[in-house]
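K.L.:
I would like to see how this sequence folds:
(2 chains)
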2 protein chains.
Amino acid sequence: MVEATVSPTPLLKDELDIVIPTIRNLDFLEMWRPFFQPYHLIIVQDGDPSKIIKVPEGFDYELYNRNDINRILGPRASCISFKDSACRCFGYMVSKKKYIYTIDDDCFVAKDPSGKDINALEQHIKNLLSPATPFFFNTLYDPYREGTDFVRGYPFSLREGVPTAVSHGLWLNIPDYDAPTQLVKPLERNNRYVDAVMSIPKGTLFPMCGMNLAFNRELIGPAMYFGLMGDGQPIGRYDDMWAGWCTKVICDHLGLGVKTGLPYIWHSKASNPFVNLKKEYKGIYWQEELIPFFQSVSIPKECTTVQKCYIELSKLVRAKLGKVDEYFIKLADAMVTWIEAWDELNSSGLKSKEVPNGPASAK
Amino acid sequence: MVEATVSPTPLLKDELDIVIPTIRNLDFLEMWRPFFQPYHLIIVQDGDPSKIIKVPEGFDYELYNRNDINRILGPRASCISFKDSACRCFGYMVSKKKYIYTIDDDCFVAKDPSGKDINALEQHIKNLLSPATPFFFNTLYDPYREGTDFVRGYPFSLREGVPTAVSHGLWLNIPDYDAPTQLVKPLERNNRYVDAVMSIPKGTLFPMCGMNLAFNRELIGPAMYFGLMGDGQPIGRYDDMWAGWCTKVICDHLGLGVKTGLPYIWHSKASNPFVNLKKEYKGIYWQEELIPFFQSVSIPKECTTVQKCYIELSKLVRAKLGKVDEYFIKLADAMVTWIEAWDELNSSGLKSKEVPNGPASAK
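P.N.:
Numbers count the residues shown, from 1 in each chain, chains lettered A, B, ... in the order given. I've put the predicted structure just below:
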């Protein structure tokens, strides 16, 4: 008889990369060591490429700075933002794994109400590996979770669900507020642990935060472009929002699911609301036109791949949002460049280690 | 200077009726006494009208049995179900209050995770008195709740929200499962207290359970018809579902909100799954056609009152669902009768105590 192995292999150990954008030493990884160490990290260094980023010992990682990005993408590097955490999406592009988890370097391990450390990555993986139910709301939340199910009145034909493309996690302590709300409520902390995961219904948009986010790269990767933000751009802090709106309309079109809720991470420090206001203020008013735009987006049914959907979306952005501001013309161009770069790095001939002029790495 | 009063008046004491359908003595009210006693109860006695229903002392109530319903509605009494808790909607019709809370007599006071008794009614009132946000998803749930707000990326123009018409509460212990799920998982209990209230997005249907439900009668009352169920009908246990689908499409049309989540009640006892299966089985397959029907319902914009919307909906039910089964022709007729009866009892000339041939009452 074969005995069961005692220590289980971490879930998806060889199928998931952790992407971290940063400008500083990654001491925060110490706290995550029990959960992250088995996985491969892709670190995207923002800002001055001559600065040395220290990574705690024992982690398996590759690190890309701006010089690496420029070398790998050539002229197409223009689609990757600089001096903004939007640069993280370069990591999605160079990964060759099926799943991505991305986390900010000011996020720490949170505790559940019983005081136990939350393994955020494990919960994201559970979310991604179980189906989503975007076509009908289940009042007891995720019906696939242990101890729950579909309630009376839930159509049986919809109980298989659809593949989950995105798992959006939340934050205890510092909530993800915009600058005006930060200014008005400087002391507000999120202490409420809501023990739920749910599908965001089809046709409904949501504010996707990039702080604690996982997705299935094969299903939705090319839509996870974080836009043009930061250096030389008129806007910041809308990178993840932009990606979320694009991703959601494409998931809705392709019949894929988006979940939100658990897991929580501990968000340690509020960013400066005055700096944030400067980055956000155009976004705050543009957004009033962006939301109706995304709510009305209709992707032709011939678009059966994420790439085709995204190119179609870029055309709509140019045609409709170009009138709002010329920034959106530039963004539409960058969306096309992003897809070209994605396809170049992800063509079937290239394997994980064949990225041209590969990055700095360890272990 | 005027001193603040010490003991607060219960919220909406004179503006809310509690509607209870029953076939037995209402001993369950003892446990609810601290929370319900200040309010007026409308008891709808189902089944044999000669049976005496005992109500614990000290409660202010009116009680209607089948003879009362027949006397008050005359030939229109046909729209009120018999031998099914769907009869409860008669109570919504005879109430003259702005708000209704309805609860089943096998529901008891639940405890929150700290062990404190949950005042379900108070939470429902909070839900109804604060706006809903059906047009965009807020990842930290109800943004009007203390300690939370709209997150970054939530459009400012949508932060006023819309009036809340419905508050759908949940159940600890026995979950509201259909007969097949009850049969497959007889021992499953809901032990998960999810500390959240949320708006169900526009365009999304949900399974509305009538066990623990509150609504604004002025905003949505005439849509809260629980259909033809029970005695002489081919279907049962779809009364609240029917009301929920009709209510949701009308709320979406009129720009009203529906919330679900807190509060929990303690659901004490599972009903018999074999009996339930007999009641439900037609519903289970009809539902597969009902959901696409409700998902595609479009109410003309001339319909600016709930009554007009509901009559329009009855026409669509007749035209589209009449083909599924002749039952839906009968139901479409009953929907019209319901509105006629509602308007008769709720015409401006009639005041609370002027219901013709009024009911048995106490206190």
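K.L.:
okay, A:Lys111: pLDDT?
P.N.:
For A:Lys111, the model assigns a pLDDT of 98.
K.L.:
same deal with A:Lys248?
P.N.:
Confidence score, pLDDT, at A:Lys248: 98.
K.L.:
list the helices and strands the host helix or strand of it packs on?
P.N.:
Following DSSP states H and E, one finds A:Lys248 within helix A:239-254. Helices and strands touching helix A:239-254, by 3 or more C-beta pairs under 8 Å, 6 or more residues apart in numbering or on different chains; DSSP states H and E, are strand A:164-173, helix A:217-220, strand A:257-267, helix A:273-296, helix A:306-316. Backbone N, C-alpha and C define where each C-beta goes, glycine included.
K.L.:
Tell me which of the ones you listed lies nearest to A:Lys97.
P.N.:
Judged by C-beta to C-beta, the one of the helices and strands packed on helix A:239-254 that comes nearest to A:Lys97 is helix A:217-220, at 6.5 Å.
K.L.:
Which elements pack onto the closest one?
P.N.:
Counting contacts by 3+ C-beta pairs under 8 Å, 6+ apart, helix A:217-220 is packed against strand A:164-173, helix A:239-254.
K.L.:
Mind putting these into TSV with mean neighbour count and distance to A:Lys282?
P.N.:
Formatted as TSV, the helices and strands packed on helix A:217-220 follow (neighbours: other C-beta atoms under 10 Å in any protein chain shown; distance: least, C-beta to C-beta, whole Å):
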stretch	mean neighbour count	distance to A:Lys282
strand A:164-173	25	24
helix A:239-254	25	13
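K.L.:
Make CSV out of those and add distance to B:Tyr225.
P.N.:
Converted to CSV, the helices and strands packed on helix A:217-220 look like this (distance: least, C-beta to C-beta, whole Å):
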stretch, distance to B:Tyr225
strand A:164-173, 37
helix A:239-254, 32
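K.L.:
Spit out the contact partners of whichever residue of the stretch 251-363 of chain A sits closest to chain B.
P.N.:
Per C-beta to the nearest C-beta, A:Ile291 is where the stretch 251-363 of chain A lies closest to chain B, at 5.0 Å. Applying C-beta atoms under 8 Å, 6 or more residues apart in numbering or on different chains, we find A:Ile291 in contact with A:Leu205, A:Trp245, B:Phe136, B:Pro155, B:Leu158.
K.L.:
ok, how many other residues are close to the residue nearest to A:Ser314 when sequence neighbours are not counted?
P.N.:
In space, and not counting its chain neighbours, A:Ser314 is closest to A:Met335: 3.8 Å by C-beta to C-beta, 6 or more residues apart in numbering or on different chains. Using other C-beta atoms under 10 Å in any protein chain shown, A:Met335 has 26 neighbouring residues.
K.L.:
And A:Met335, its phi and psi?
P.N.:
Note on A:Met335: its backbone torsions stand at phi -60, psi -40 [degrees, to the nearest 10].
K.L.:
tell me the contacts of it?
P.N.:
Contacts for A:Met335 were tallied using C-beta under 8 Å, 6+ apart; they are A:Cys79, A:Tyr225, A:Tyr310, A:Ile311, A:Leu313, A:Ser314, A:Val317.
K.L.:
let's go with 7 Å and repeat that
P.N.:
A:Met335 is in contact with A:Tyr225, A:Tyr310, A:Ser314, A:Val317, counting by C-beta atoms under 7 Å, 6 or more residues apart in numbering or on different chains.
K.L.:
Show me which residues of the stretch 201-350 of chain A sit near chain B.
P.N.:
Neighbours of chain B within the stretch 201-350 of chain A, by C-beta under 7 Å from any C-beta of the partner chain: A:201, A:203-207, A:209, A:237, A:241, A:260, A:284, A:287-288, A:291.
K.L.:
where along chain A do the helices fall?
P.N.:
For chain A, helices defined by DSSP state H occupy the ranges A:29-36, A:66-73, A:89-94, A:120-129, A:179-184, A:217-220, A:239-254, A:273-296, A:306-316, A:327-345.
K.L.:
wait, which of those helices is closest to A:Ile265?
P.N.:
Closest to A:Ile265 of the helices of chain A is helix A:120-129 (C-beta to C-beta; 5.3 Å).
K.L.:
Tell me which residues are up against the closest one.
P.N.:
A:11-12, A:35-36, A:99, A:101, A:164, A:167, A:169, A:197, A:212, A:214, A:216, A:259, A:262-263, A:265.
K.L.:
now swap in stretch A:246-258 and tell me
P.N.:
Residues contacting stretch A:246-258 (C-beta under 7 Å, 6+ apart): A:131-132, A:134, A:161-166, A:168, A:199-200, A:202-203, A:205-206, A:208, A:219-220, A:223-224, A:294, A:297, A:299, A:303, A:306, A:309-310, A:313.
K.L.:
how about a cut-off of 8 Å?
P.N.:
For stretch A:246-258, contacts defined as C-beta under 8 Å, 6+ apart pick out A:131-134, A:161-166, A:168, A:199-200, A:202-206, A:208, A:215, A:219-220, A:223-225, A:294, A:297, A:299, A:303-304, A:306, A:309-310, A:313.
K.L.:
Apply the buried test to those residues and list what passes.
P.N.:
A:131-134, A:161-166, A:168, A:199-200, A:202, A:204-206, A:208, A:215, A:219-220, A:223-225, A:294, A:297, A:299, A:303, A:306, A:309-310, A:313 (16 or more other C-beta atoms under 10 Å in any protein chain shown).
K.L.:
What does the pLDDT read for A:Ser95?
P.N.:
98.
K.L.:
Nearest residue to it in space, ignoring adjacent ones along the chain?
P.N.:
A:Asp17 is the one closest to A:Ser95 (C-beta to C-beta, 6+ apart), at 4.3 Å.
K.L.:
With A:Arg145 instead?
P.N.:
A:Val197 (6.7 Å).
K.L.:
ok, the one you found - contacts?
P.N.:
By C-beta under 8 Å, 6+ apart, the contact list for A:Val197 reads A:Gln123, A:Asn127, A:Tyr141, A:Asp142, A:Arg145, A:Lys259, A:Thr260, A:Gly261, A:Leu262.
K.L.:
Make sure A:Asn216 is actually in contact with A:Pro163.
P.N.:
Yes: at 7.3 Å, A:Asn216 and A:Pro163 qualify as touching, with contact defined as C-beta atoms under 8 Å.
K.L.:
which stretches of chain A aren't confidently modelled?
P.N.:
Scanning chain A with the threshold set as pLDDT under 70 gives A:1-8, A:348-363.
K.L.:
can you do 80?
P.N.:
Along chain A, segments meeting pLDDT under 80 span A:1-9, A:348-363.
K.L.:
Give me the neighbour count for A:Ala86.
P.N.:
Look at A:Ala86: counted by other C-beta under 10 Å, it has 28 neighbours.
K.L.:
So it sits against A:Met224, correct?
P.N.:
No: the pair A:Ala86 / A:Met224 is not scored as a contact, 11.0 Å apart, by C-beta under 8 Å.
K.L.:
Disregarding flanking residues, what is the spatial nearest neighbour of A:Pro273?
P.N.:
A:Pro273 sits nearest to A:Gln182 (C-beta to C-beta, 6+ apart), 3.8 Å away.
K.L.:
Distance of A:Leu345 relative to B:Ile20?
P.N.:
Per C-beta to C-beta, to the nearest Å, A:Leu345 is found 64 Å from B:Ile20.
K.L.:
Of those two, give the one with the bigger neighbour count.
P.N.:
Between A:Leu345 and B:Ile20, counted using other C-beta under 10 Å, the more crowded position is B:Ile20 (28 against 19).
K.L.:
quick one: the more buried one and B:Gln37, what's the gap?
P.N.:
From B:Ile20 to B:Gln37 the distance is 14 Å (C-beta to C-beta).
K.L.:
May I have the distance across stretch A:225-245, first residue to last?
P.N.:
One end of stretch A:225-245 sits 11 Å from the other (C-alpha to C-alpha, to the nearest Å).
K.L.:
same thing with stretch A:294-308?
P.N.:
Using C-alpha to C-alpha, the two ends of stretch A:294-308 sit 17 Å apart.
K.L.:
residues in contact with that stretch?
P.N.:
With C-beta under 8 Å, 6+ apart as the test, stretch A:294-308 has contacts from A:205, A:219-223, A:245-246, A:248-250, A:253-254, A:309, A:312-313, A:316, A:339, A:342-343.
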